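[1] got a predicted structure plus its sequence, pasted below:
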Amino acid sequence: MRFRLGSVPALSASVVALALCVAPGLEAKGKSQDGGEKSKPRADSAPKKSKAASPKRAPRRGKGSESIGSPTDGALHLGVRLSQSSAVKLRWPSGSAHFGTPELVKMLKRGASKVATKYPGAVMVVGDISAKEGGKLSGHASHTSGRDADVGFYYVDAKGRTVRPARFLSVDWKGHAVGAAGVRFDVARNWAMVQSWVTDPRARVQHIFVAKHLRSMLLKHATKIGAYLPVRHRAAIAMKQPSGAAHDNHFHVRISCPRGDRECVQHPRVTRSSKAGSKKKGRRQSASRKAPTKS
Ligand SMILES: [Zn+2]
């Protein structure tokens with residue numbers, strides 16, 4: 001039966017279609033069947049080789065930045081480069097995928113600044129965003145239109161001191177970083193970052209892809225500290241684990257189409273094959289999951 005986007009709720013469609021970011025270093029080879037990101041054959045610690053193919057459509061000739069097309073089939077006109085600061089570090093400083101819409105880049109910078117102000121020494125680590133002119137990015141199915149960013153977690157050691165690993169570490173259902181003794185998911189700082197995104201005064205967060213068990217941890221923490229209820233609700237809606245991509249070692253944050261970007265397409269196109277592939281992959285993951293998750 002032919003799948004039609006209009007026949008399902010928007011969020012469901014987007015979760016199926018937008019499972020686009022796979023934990024670097026953990027991906028299986030090949031493009032995920034749900035239209036998710038391709039595998040990255042590189043080692044997690046290896047230098048990033050972000051290579052953008054030519055965008056499928058020519059950017060418009062406007063004077064301002066513009067996101068064109070969808071996150072999986074788009075381009076970026078006059079993207080803004082995210083620069084490093086005391087609160088923001090690039091995972092691959094020599095890479096070329098550090099461009100996004102001003103709305104996204106400024107949101108990341110504001111968020112990093114807020115977290116660092118509240119927790120001195122905290123540093124946000126940002127992986128891929130988009131290539132300078134957008135378009136296909138090696139290892140990703142999305143990240144084509146300047147609206148997506150991969151952001152590492154904040155971690156602490158057993159004594160609560162900030163830890164900044166050289167790579168994105170997976171986190172198990174107890175909050176422990178895999179392969180790094182004593183290092184754990186810093187729920188307080190990570191919540192502060194999520195909160196900053198969903199309350200950003202300019203950008204409108206569409207999705208925050210993250211593993212179910214980490215979403216649960218973050219929301220429990222927010223409840224525990226008495227975070228403003230509407231903010232918790234907003235975060236609960238934004239955070240989701242897409243099918244086919246666990247996102248247990250980084251956040252993938254996507255903003256909605258910036259206002260005024262008339263050629264921006266909010267959701268990737270869902271095809272019959274991608275939907276079927278997503279379901280199939282989701283079933284495989286559920287069957288193979290060993291650790292319990294709380295969601
Ligand atoms: Zn991503």
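    Thanks, I have it.
[2] when you work out contacts or count neighbours from here on, use the C-alpha atoms and nothing else.
    Fine.
[3] neighbours around the residue in the stretch 51-200 of the chain positioned nearest to the ion, how many?
    Closest approach of the stretch 51-200 of the chain to the ion (CA to the ion) occurs at Asp150, with a separation of 4.6 Å. Look at Asp150: counted by other CA atoms under 10 Å, it has 25 neighbours.
[4] ok so it is a helix residue?
    No. Using DSSP: H, G, I helix; E, B strand; the rest coil, the assignment for Asp150 is strand, not a helix.
[5] that one and Val163, how far apart?
    With the distance defined as CA to CA, to the nearest Å, Asp150 ends up 18 Å from Val163.
[6] ok, and the closest non-adjacent residue to the residue nearest the centre of the chain?
    Ranked by distance to the mean C-alpha position of the chain (CA atoms, centre = their mean), the top residue is His252 at 0.6 Å. Nearest residue to His252, sequence neighbours excluded (CA to CA, 6 or more residues apart in numbering): Asp150, at 4.5 Å.
[7] where does the stretch 51-200 of the chain have low pLDDT?
    51-62 (pLDDT under 70).
[8] would you map the helices across it?
    Ranges of helices within the stretch 51-200 of the chain are 102-118, 187-198, based on DSSP state H, counting those that start in this stretch.
[9] got CSV for those helices, with distance to Ala75 and mean neighbour count too?
    Listed next are the helices of the stretch 51-200 of the chain as CSV, based on distance: least, CA to CA, whole Å; neighbours: other CA atoms under 10 Å:
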stretch, distance to Ala75, mean neighbour count
helix 102-118, 14, 21
helix 187-198, 23, 22
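[10] neighbours around Lys159, how many?
    8.
[11] which parts of the stretch 151-295 of the chain sit against the ion?
    Selection of the stretch 151-295 of the chain residues close to the ion by CA under 5 Å from the ion yields His252.
[12] okay, and the residue in the stretch 151-295 of the chain positioned nearest to the ion sits in which element?
    The minimum distance from the stretch 151-295 of the chain to the ion, using CA to the ion, falls at His252 (4.8 Å). Using DSSP states H and E, His252 falls within strand 250-255.
[13] who touches that strand?
    Contacts of strand 250-255 from elsewhere in the structure, counted by CA atoms under 8 Å, 6 or more residues apart in numbering, are 21, 23, 104, 147-153, 168-170, 203-210.
[14] what of stretch 97-104?
    Stretch 97-104 is contacted by residues 50-51, 65-67, 76, 79-82, 105, 127-132, 134, 137, 145-148, 202-203, 255, 258 when judged by CA under 8 Å, 6+ apart.
[15] among those residues, which ones are in strands?
    Counting by DSSP state E, the contacts of stretch 97-104 place 66-67, 76, 80-81, 148, 255 in strands.
[16] now render the residues you listed as TSV, adding distance to His221 and neighbour count.
    Shown next, in TSV, are those (distance: CA to CA, whole Å; neighbours: other CA atoms under 10 Å):
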residue	distance to His221	neighbour count
Glu66	36	28
Ser67	34	31
Leu76	36	31
Val80	33	20
Arg81	33	19
Asp148	25	29
Ile255	24	23
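[17] farthest-apart pair in those, please.
    The span of the ones in strands among the contacts of stretch 97-104, defined through CA to CA, is set by Arg81 and Ile255 at 16.2 Å.
[18] which parts of this structure are strands?
    Under DSSP E, the chain gives strands at 66-70, 73-77, 80-81, 88-90, 99-100, 124-126, 148-152, 155-156, 162-163, 184-185, 205-209, 239-240, 250-255.
[19] output the contacting helices and strands for the third one.
    If contacts are counted by 3 or more CA pairs under 8 Å, 6 or more residues apart in numbering; DSSP states H and E, strand 80-81 sits against strand 99-100, helix 102-118.
[20] also the first one?
    Of the remaining helices and strands, those touching strand 66-70 by 3+ CA pairs under 8 Å, 6+ apart are strand 73-77.
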